[in-house]
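Undergrad: Kindly return the folded structure for what I paste below:
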Amino acid sequence: MTIRGFRQQPASVADDPAPAVELDPSQRAVVELPVGVSAAVIGAPGSGRTTTLRELVAERILVQRLDPAEVLVLAPSRAAATRLRDELALRVGVPTLGPLARTATSVAFEVLARRAAETGTEPPRLLTGAEQDQIIGDLLAGHEERGTGPAWPDPLGVEVRRLRAFRTELRELLMRATEEGVRPDALAGLGLAHDVPEWIAAAEFAREYEDVVDSFRGDHLDSAELLAEAVLLVSRGEALTGIRLVVADDLHEATVATLSLLRALAARGADVVAFGDPDVAAATFRGAEASALGRLSTVLGLPGLRTLVLDRVHRQPPALRALTSAVTARIGAAGAGRQRQAGSAAGLVDDADPIQVIEAPTRALELARLARRLREEHLLGGVPWARMVVLVRSGSLVPQVARSLATAEVPTRTAVAGRALRDDLAALALIRAVDVVLGRVPLTPDIAAELATGPLGGLDGVQLRRLRLAMRQEELAGDGHRSSDELLVEALAAPGRLETFDLAPARRLARLARTVEGARGLASADGTIEELLWHLWEGSKLATPWFEQALQTGIVADQANRDLDGVVALFTAARRFVERNPGRPASDFVEELLGAEVPEDTLSPQPLADTVLVATPSAVVGAGYEVVAVAALQEGVWPNLRLRGSLLHPQRLSAVARGLDRADVDERAEVLGDELRMLALAVSRASRVVVLSATANDEEAPSPFLRLVPPAPGVAEAEAGAEAGRVAKDAPAALRIRPDHPLSLRGLVGALRRELAVVHRDAVLLEDGRVVSGDRTARRPADATRERGLAAASALARLAAEGVTGADPAEWYGLREPSTTEPVVDLTDPDARVPVSPSRLEAFERSPLNWFIDQASGGSTSTAMGIGTIVHAVMEEASLDPDADLRPPALEARLDERWGELPFESPWVGERERRQAGQLIAGVSGYLRDFEGAGGRMLAAEGGFELEVGVARLRGKIDRIELTEGGRVVIVDLKTGRHHPTRAEIPAHAQLGSYQLAYVEGSLEQVPAGTPSGGAKLLYVSGGTRGLPYRELPQEPLTREELDAFRARIAEAAEGMAGASFEGTPDLGERDPGSARRYRIHLVRAVSA
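TA: Reported below is the predicted structural model:
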């Protein structure tokens, strides 16, 4: 199975070995280690540890003629092992039985698989982190449902045990126990001995967990168990007996289990040479033993083990090396430290501005300036995108930073394994379709709309609405009564339903319906999940457009890359599921995937594109880049001094199991050390430039880590402009450009078009004898204006010829003819009427364009509007119930009955809005009780009316029609907003005037004939006056002259509403709601399609 746009990088073997590199004396000392000698090689970042490792392996194989099968190279992660595997294959250039570089887990799996083959038993299966998390979650949910399970301490109540963080710590605790050889009974004993009740409960849980896993078919082992079993076989001399040399890279990332494997191999006579630097350990919170290098002799049980230090840094010139040293100097020595004295190798010269600091008042501006810097390095410095990386402290920041950079035309990529597949939009769309195919979920209107507007259907909201209308019109024409929701479900369930529609949206949805129908046939024939997904993917026809988009740059290209990554990862997971579980149904895969919160490691091929990696520091272990940007360096974020493992203390278990006393250990100092290690890892990846960026405002402060930046020379601070730029001091004269140059195709198009607009304005003013320069009147020669215009037009023509979006005038909306000049309502038809809403009359008078946009688009909704609707309903219900309790608690109970209908971004927002809604209810309660106490009587609530005024059909609803004790009719309009008109504006208030006109014309059926008018009023319940919890703004009864004027006002507005064009109001203030972007964009001529 192949998806275009991706290719697997093979482990290549060169015909001839790659040439050796020149080593410094400290590196040469490692390569020339005698056979039979083990060593710990400690080197600062960039000192050439991996290079030395590569040359050591080449020396033993090519010069000392060691068989490659006798050499084992261990790397800390699969990505690092893959990279090292290819480098070793190129360097050694001889055939090998397998990859020279492996992870410890990979080696352990091979050992157990080979053992199973020899004994004729079923090979073990690796239990992934996502699977472990799901098993733990199921057990905890079962305990909660049945009221059983361990007696967890009070702080670990049901709410805590539902958290993913709790499951993660429990999984870590179980793995640490396995690594240390601590069985459940021993874990409970340690809990008693050290007064850790969490371990006692976890021990009971561990017993049940083991029983569940043991009940699975075949051996299911997690990585710690795999290594423990492999270590046992190696210790007995039953595996890896031919290994004579073990070389470990980045040993500071090794866990206890990996160190146990090294110890077992050393005990069987293998030489062990371990490379690393405790100062850049990134996985200590996962059990990595950063201090192992400093005490490796004891750890491996090798009294004669040597310690060698690499004394030169070959990656970083002096300024960058000083920055790394400033960070590592504040980290505990971890049994090492001499490597920190290494200086930059001779010949390394600092860049003009090797360390740059960006501080901006907002995160958006911070990332915009960072994007500018990256573009400068790429366009002016010639640095490939792939030689740059942006690092952030938390994985949750990765998507935000990647999107912002992509918007600024910096091509980005992120690690697929950084998110669960159920959180990937493209993968989730395929899974949703499989859900429907398998019948796991019914095809409801919501699901149908989700499929139609998702990647598989490809419709946008407007297209779906158009298709719904077309289906509904056809239904009504055939005397049918089904809703558009029912018709949409039928369209997806019956592939032939849409054949009668000659619409592009109908053809797309029909293709999706046929694809789903074909998948149902596969499912009924017991097709595998891999076959179902492939059928849906092929039917979607998305491979080609996504592939073509992914080859471009910008946010669309980045999204296409992410979508393809997600699809490939989904296929990889499906293939692995089918291979591991050939008899299980596809529905099991869907259920497991949707229930998994932990991202799975993926074996899928990764795109080899020239893009900037956005990741956390742990993703760049062993890698190097020319430019490293460390973004979002905020106080409280980096360093994050929250104690790790505070729920179940997995780190403490590792120490206690070895008999170490941690009572006096400053855990917060350890956490600070880990945070510094991650920063050291990040900045030490750079060979030319480090950019540190942060947001600084009243709410966010830069990280104190920024104080570690050495003082000038070598440090440059970004200018405070909107997007300050710089010109490389050593750049050729042809590349020296203005700091305000956009440095992006989209920005360049915008700048050129703006220049054309200015030139056009100046040319017009020249004809009148005036020109404008900036905002001041000045003189400018006509030929200079003409030259500027020609230059800008020529540049745009060149860009348009190259297909740059927005450069071709054909794409400019502002130059297009109107799509229609027909009026909204044809007033030449004597029966034509213009619908006029009392609440929207003033909106039209204020800005006809804004009114039309709201009418055409349906307007917008908000939480405040939803709250207002519920408060209106509470008042209506209480008004219609003669026995209603009008006190605030009773009305708030009515409010709470419907409060769940409102969506909120977070619980605290809902709580805040509920408190404010309580104030509104207090105002309603106060008004109703005062009205009742004054002897008034309600005539109607939410009463409707309709009347014709010229060509206008005035139609509306009135909140309350009241009859006062004095026998007068008063119309009340309830308002829940905070902003109210002044008393001087009330006499001309259009909504109240409409209600009074309806009363005068006899359109209020609820009002007895001949009842005198008491006028109308606005009732505001968001705040009171004169000691009342509400405010009344009355409009006196309109006179005959005022009513006639109001009729003319309505007629005039109706004629405008029926027109073919609508004028905007360009001079509204920045804070005016009418100046929102959805309105303002229609006042700009030169915008692109």
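Undergrad: Domain map for this structure?
TA: Domains of the chain are assigned by automatic domain parsing as 25-124+224-315, 127-208, 355-418+609-720+728-735, 421-595, 745-811, 838-1057.
Undergrad: do you know which of these lies nearest Leu323?
TA: Evaluated over the domains of the chain, closeness to Leu323 peaks at domain 355-418+609-720+728-735, with 5.5 Å, by CB to CB. C-betas here are computed from N, CA, C, even on glycine.
Undergrad: what about the closest one, average pLDDT?
TA: Here domain 355-418+609-720+728-735 scores 82 as its mean pLDDT.
Undergrad: Likewise for stretch 564-576?
TA: Model confidence over stretch 564-576 averages 83 on the pLDDT scale.
Undergrad: What sits closest to the residue most central in space within the chain if chain neighbours are left out?
TA: The structure's the chain has its C-alpha centroid closest to Pro399; by CA atoms, centre = their mean the separation is 3.8 Å. Distance criterion CB to CB, 6 or more residues apart in numbering; nearest residue to Pro399, sequence neighbours excluded, is Thr414 at 7.1 Å.
Undergrad: Next: Ala669.
TA: Taking CB to CB, 6+ apart as the measure, Ala669 lies nearest to Gly332, with 7.9 Å between them; neighbours along the chain are not counted.
Undergrad: what pLDDT does that neighbour get?
TA: Here, the pLDDT recorded for Gly332 equals 75.
Undergrad: ok so, going back, that's a strand at the residue nearest to the centre of the chain, yeah?
TA: No - under DSSP: H, G, I helix; E, B strand; the rest coil, Pro399 falls outside any strand and is assigned helix.
Undergrad: distance between the ends of stretch 21-36?
TA: Between the opening and closing residues of stretch 21-36 there is a gap of 25 Å (CA to CA, to the nearest Å).
Undergrad: pLDDT of it, averaged?
TA: 90.
Undergrad: Tell me the buried residues in that stretch?
TA: Within stretch 21-36, the residues that qualify as buried are Leu23, Asp24, Ser26, Gln27, Ala29, Val30, Val31, Leu33, counting by 16 or more other CB atoms under 10 Å.
Undergrad: what's the second one in contact with, if anything?
TA: For Asp24, the contacting residues are Gly48, Leu310, Asp311, Arg312, His314, Ala345, taking CB atoms under 8 Å, 6 or more residues apart in numbering as the criterion.
Undergrad: Now, of the residues you listed, which are buried?
TA: Buried subset of those (neighbour count, 16+ other CB under 10 Å): Gly48, Leu310, Asp311, Arg312, His314, Ala345.
Undergrad: Show me what the helix or strand hosting Arg652 is packed up against.
TA: Using DSSP states H and E, Arg652 sits within helix 650-657. Helices and strands in packing contact with helix 650-657 are listed as helix 164-179, helix 184-193; criterion 3 or more CB pairs under 8 Å, 6 or more residues apart in numbering; DSSP states H and E.
Undergrad: what angle do whichever helix or strand comes after it and helix 650-657 make?
TA: As assigned by DSSP H and E, the chain's next helix or strand after helix 650-657 is helix 667-683. On the basis of axes from the mean of the first three to the mean of the last three CA atoms, to 10 degrees, helix 667-683 is oriented at 110 degrees to helix 650-657.
Undergrad: Report the buried residues of helix 667-683.
TA: Neighbour-count burial for helix 667-683, with 16+ other CB under 10 Å as criterion, is recorded at 667, 670-683.
Undergrad: Farthest pair within the residues you listed?
TA: Maximum distance among the buried residues of helix 667-683 (CB to CB): 25.2 Å, for Glu667 and Val683.
Undergrad: Can you report how many residues lie near Arg887?
TA: Using other CB atoms under 10 Å as the criterion, Arg887 is surrounded by 12 other residues.
Undergrad: That one and Leu928 touch, don't they?
TA: No - taking contact to mean CB atoms under 8 Å, the distance of 9.8 Å between Arg887 and Leu928 leaves them out of contact.
Undergrad: Quick check: Val357 is in a helix.
TA: No - secondary structure of Val357, determined by three-state DSSP: strand, with no helix assignment.
Undergrad: pretty sure it is touching Ala696, no?
TA: No - taking CB under 8 Å as the definition, Val357 is not a contact partner of Ala696, at 10.7 Å.
Undergrad: residue ranges for the strands of the stretch 951-1089 of the chain, please.
TA: Per DSSP state E, counting those that start in this stretch, the stretch 951-1089 of the chain has strands spanning 952-963, 969-975, 1013-1020, 1031-1035. These are given in chain order.
Undergrad: List just the one of these that sits closest to His143.
TA: Minimum separation from His143 across those (CB to CB) falls at strand 969-975, 50.3 Å.
Undergrad: Can you list the strands that that closest one pairs with?
TA: strand 952-963 (antiparallel), strand 1013-1020 (parallel) (DSSP bridges).
Undergrad: So which bits of the longest one are buried?
TA: Spelled out, it's strand 952-963. Per 16+ other CB under 10 Å, strand 952-963 contains these buried residues: Ala952, Leu954, Arg955, Gly956, Lys957, Ile958, Asp959, Arg960, Ile961, Glu962, Leu963.
Undergrad: Roughly how far does Tyr1030 sit from Leu920?
TA: 9 Å (CB to CB, to the nearest Å).
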